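Chemist: Okay, predicted coordinates and the sequence, questions at the end:
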Amino acid sequence: MLKAAAKVNLVLEVLGKREDGYHELVTVMQAVDLSDKVTIEDADILELQSRTAGVPADGRNLALRAAAALREAAGTTRGARITLDKRIPVAAGLGGGSADAAAVLVGLNRLWRLRWPVARLEEVATGLGMDVPFFLHGGRALATGRGERIERLRGSALGLVLVNPRFAVSTAEMYGRVTPEMYTDGRHAKTLAGGWGGRTPARVAATLYNGLQEAAVAAYPPINRIRAALLAAGALGALMSGSGPTVFGVARSFEHARQIRRRLTRGGWDCWAVRTLNGPAIRTLG
Ligand code: C5P
């Protein structure tokens, strides 16, 4: 059994549009302790089952695509039964599908005794989606390019509150809403990655930035209502994560995050108090 942790983007800057249709990004990604469980067992064929309603168990699921891609790259004919137990909300900006895919790569590397180093798994990960390579590392990292080039960063532990409005958004749709006026030059990521900006919760809160947020809020007003509610409940800063719609608030400590969470007991939103993870985002348990 593996645990696959979610991420938030403390900074996400869109630098411009690329020839290949993707956007050039600079983002600071941070693993947090809200996790899916991924169970991997030996089987004759590759199959996926989900214990969560609304999660596809076919080729639309990135976890199954990860297994198929690794099997092909490794030239093996072995199978596996993958079971997903999801706690990370789906299409929420928290990287849940990518985390599950990374867990499948790590788990099958073991089950199939491939002994591939992380660098080799990363090549398969990049082909699956731009968030997947991050989850092979975890902690806090600077990601550049389309989001697939990863550099580990040091950062002190943070208490965060995650708030999800229980609707899903499409990442492609959000990037499609970005206009050139929303492009920035990487200065926010530089401040956070440079050390100064990452040292205390107050400094992290002052450095938060997401270049997709303005377009997302225009299309989905609840995102701003959640931000306002988090700030009113005492968060030092509040930002949409990734392509949304989940919003996170920065607290002074984990205990403070729990206090904020309790003040937010409004119908219609799912809320979690979480800690940032310094170590791997994928952990093998037994
Ligand atoms: O790589 P991933 O599957 O997560 O990306 C989903 C979609 O988000 C892409 O098809 C693309 O439309 C958009 N995207 C982008 N620039 C990036 C990453 C994603 O435009 N750097």
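Modeler: Ah, there it is.

Chemist: So which residues on this protein come close to the ligand?
Modeler: By C-beta under 6 Å from any ligand atom, the residues of the chain that approach the ligand are 22, 23, 25, 129, 130, 131, 146, 147, 171, 172, 175. (Glycine included, C-beta is placed from N, CA and C.)

Chemist: burial count for the fifth one?
Modeler: Other residues near residue 130 come to 21 when the count uses other C-beta atoms under 10 Å.

Chemist: Isn't it up against residue 149?
Modeler: No - shown here, residue 130 and residue 149 do not form a contact pair, counting by C-beta atoms under 8 Å, at 9.7 Å.

Chemist: Touching both of the two, which residues are there?
Modeler: residue 143 (C-beta atoms under 8 Å, 6 or more residues apart in numbering).

Chemist: can you give me the helices for the chain?
Modeler: 62-74, 96-111, 118-128, 132-135, 171-176, 187-193, 201-207, 213-219, 222-232, 254-263 (DSSP state H).

Chemist: helices or strands up against the second one?
Modeler: This points to helix 96-111. strand 2-17, strand 23-43, helix 62-74, strand 79-85, helix 118-128, helix 132-135, strand 282-284 (3 or more C-beta pairs under 8 Å, 6 or more residues apart in numbering; DSSP states H and E).

Chemist: Now it: buried residues?
Modeler: Neighbour counts over helix 96-111 (16 or more other C-beta atoms under 10 Å) mark 96-109, 111 as buried.

Chemist: hang on, the earlier thing: so can I have a markdown table of the helices and strands packed on helix 96-111 showing distance to residue 91?
Modeler: Formatted as a markdown table, the helices and strands packed on helix 96-111 follow (distance: least, C-beta to C-beta, whole Å):
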| stretch | distance to residue 91 |
| --- | --- |
| strand 2-17 | 13 |
| strand 23-43 | 14 |
| helix 62-74 | 11 |
| strand 79-85 | 15 |
| helix 118-128 | 16 |
| helix 132-135 | 15 |
| strand 282-284 | 21 |
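
Chemist: Now mean neighbour count, mean pLDDT and distance to residue 203 too, for these, in JSON lines please.
Modeler: As requested, these are exported to JSON lines (neighbours: other C-beta atoms under 10 Å; pLDDT from 0 to 100; distance: least, C-beta to C-beta, whole Å):
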{"stretch": "strand 2-17", "mean neighbour count": "25", "mean pLDDT": "98", "distance to residue 203": "11"}
{"stretch": "strand 23-43", "mean neighbour count": "21", "mean pLDDT": "98", "distance to residue 203": "13"}
{"stretch": "helix 62-74", "mean neighbour count": "20", "mean pLDDT": "98", "distance to residue 203": "34"}
{"stretch": "strand 79-85", "mean neighbour count": "19", "mean pLDDT": "97", "distance to residue 203": "36"}
{"stretch": "helix 118-128", "mean neighbour count": "17", "mean pLDDT": "97", "distance to residue 203": "30"}
{"stretch": "helix 132-135", "mean neighbour count": "27", "mean pLDDT": "98", "distance to residue 203": "22"}
{"stretch": "strand 282-284", "mean neighbour count": "18", "mean pLDDT": "97", "distance to residue 203": "29"}
